[in-house]
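Trainee: Would you be able to build a 3D model of this:
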Amino acid sequence: MSDGVRDEILSQANAWMDAVRRRDMQALERVLGDEYVLISGRIGRMERAAWLANAGGSYVVHEFSYDDVRVLDYGHVAIMDAHYTQRATFDGRDMSLTYFITDTWVKRDGGWQVVLRHTSPVEGVVG
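Mentor: Numbering: from 1, shown residues only. A predicted model of the protein is given here:
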């Protein structure tokens with residue numbers, strides 16, 4: 001794994017969540033691939049359009065961080081797994097927690113887009 005790709009992907013992941021925090025819908029439209037889907041034990045499967053609608057309304061991120069980041073580089077595809085901690089709400093419910101996340105990133109037109117995120121809460125660890 002190249003440190004350059006790891007740094008690129010982590011930078012993109014931070015920019016993604018910062019765009020959620022700032023409600024920057026143009027940035028979110030660019031970072032999410034058309035086939036993006038979130039898979040979560042808490043909310044099930046959420047397609048791109050629903051995720052974007054929630055990011056513009058119901059999903060509010062106040063603070064976030066990534067720890068224990070690992071990126072596997074396959075050329076035009078990169079897989080990132082990490083601990084993701086957020087202070088956030090979704091539909092008014094507290095979602096402040098640490099999650100195991102796995103993101104799949106695809107390199108397109110010289111940049112990276114995320115096409116899949118899977119999350120599982122880390123039980124007993126509060127963000």
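Trainee: so residue 48 makes contact with residue 36?
Mentor: Yes - assessed by C-beta atoms under 8 Å, residue 48 is found in contact with residue 36 at 4.1 Å. Any C-beta I mention is one placed from the backbone N, CA and C, and that applies to glycine too.
Trainee: out of the two, which sits in the busier spot?
Mentor: Taking residue 48 and residue 36 together and counting by other C-beta atoms under 10 Å, residue 36 has the greater number of neighbours (20 against 17).
Trainee: Just the CA coordinates for the helix or strand that contains the more buried one, please, in PDB.
Mentor: Element membership for residue 36 (DSSP states H and E) is strand 32-40. The C-alpha atoms that make up strand 32-40 are tabulated as PDB, following Å, rounded to 0.1, in the frame of the first residue of the first chain:
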ATOM      1  CA  LEU A  32     -20.600  10.100  -4.100                       C
ATOM      2  CA  GLY A  33     -20.500   7.800  -7.100                       C
ATOM      3  CA  ASP A  34     -23.900   7.300  -8.900                       C
ATOM      4  CA  GLU A  35     -24.000   3.700  -7.500                       C
ATOM      5  CA  TYR A  36     -23.300   4.800  -3.900                       C
ATOM      6  CA  VAL A  37     -25.100   2.900  -1.200                       C
ATOM      7  CA  LEU A  38     -24.800   2.900   2.600                       C
ATOM      8  CA  ILE A  39     -25.200  -0.400   4.400                       C
ATOM      9  CA  SER A  40     -25.900   0.000   8.200                       C
END
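Trainee: Parallel or antiparallel, list what pairs with that strand.
Mentor: Sheet pairing of strand 32-40 (DSSP bridges) gives strand 44-47 (antiparallel), strand 111-121 (parallel).
Trainee: What strands flank the helix or strand of the chain with the lowest mean pLDDT, and is each parallel or antiparallel?
Mentor: Least confident helix or strand, the chain: strand 93-94 with a mean of 90, by mean pLDDT, DSSP states H and E. If you go by DSSP bridges, strand 93-94 pairs up with strand 77-90 (antiparallel).
Trainee: List the buried residues of the strand it pairs with.
Mentor: For strand 77-90, burial by neighbour count (16 or more other C-beta atoms under 10 Å) applies to 78, 80, 82, 83, 84, 85, 86, 87, 88.
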